[in-house]
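**Q** Any chance you could fold what I've pasted below:
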Amino acid sequence: MVATVNFANFSLDEIKDEARHLVETGKIDPHQSICVLCNFIPPKEWICAEYELERNDYLLRDRICDLLAKDEWSED
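**A** Modelled structure (predicted):
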């Protein structure tokens, strides 16, 4: 299966949306590492996706659930 997002011009939000879609459809588990996304992104575009993830302080060994976690924290 190839990603539905054009990763040649993408943002971190688009990567998150695709990851969320893959989790919701059961194609990946949220506890797998982020590098599993490379199975759903064409190789030429994976380089750009990997750069965008690293630019936003995500490591490929981080879990998908870390990527999908809410960016906003409410005060206690």
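**Q** helix or strand right after the helix or strand bottoming out on mean pLDDT in the chain?
**A** Taking mean pLDDT, DSSP states H and E as the measure, the helix or strand of the chain with the lowest value is helix 43-55, at a mean of 91. Using DSSP states H and E, the helix or strand that follows helix 43-55 towards the C-terminus is helix 64-68.
**Q** Please point out which parts of that next one sit buried.
**A** By 16 or more other CB atoms under 10 Å, the buried positions in helix 64-68 come out as 64, 67. All C-beta spots, glycine's among them, are computed from the backbone N, C-alpha and C.
**Q** related to what we said a few turns ago, tell me the gap between the least confident helix or strand of the chain and the middle of its chain.
**A** Centroid separation between helix 43-55 and its chain, computed with CA atoms, centre = their mean, to the nearest Å, is 10 Å.
**Q** who's in contact with the residue nearest to residue 64 when sequence neighbours are not counted?
**A** Leaving out its chain neighbours, the residue that sits closest to residue 64 by CB to CB, 6 or more residues apart in numbering is residue 30, at 4.8 Å. By CB atoms under 8 Å, 6 or more residues apart in numbering, the contact list for residue 30 reads 23, 63-65, 68.
**Q** which SS class is residue 30?
**A** For residue 30, the assignment made with DSSP: H, G, I helix; E, B strand; the rest coil gives coil.
**Q** Just the CA trace of the helix or strand hosting residue 19, in PDB.
**A** Residue 19 belongs to helix 12-24 when elements are defined using DSSP H and E. C-alpha atoms of helix 12-24 as PDB (Å, rounded to 0.1, in the frame of the first residue of the first chain):
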ATOM      1  CA  LEU A  12       4.700  17.100  10.100                       C
ATOM      2  CA  ASP A  13       0.900  17.300  10.400                       C
ATOM      3  CA  GLU A  14       0.500  15.400   7.200                       C
ATOM      4  CA  ILE A  15       2.800  12.700   8.400                       C
ATOM      5  CA  LYS A  16       0.800  12.500  11.700                       C
ATOM      6  CA  ASP A  17      -2.500  12.300   9.700                       C
ATOM      7  CA  GLU A  18      -1.200   9.500   7.600                       C
ATOM      8  CA  ALA A  19       0.100   7.600  10.700                       C
ATOM      9  CA  ARG A  20      -3.200   8.100  12.400                       C
ATOM     10  CA  HIS A  21      -5.000   6.700   9.400                       C
ATOM     11  CA  LEU A  22      -2.800   3.700   9.300                       C
ATOM     12  CA  VAL A  23      -3.400   3.100  13.000                       C
ATOM     13  CA  GLU A  24      -7.100   3.500  12.700                       C
END
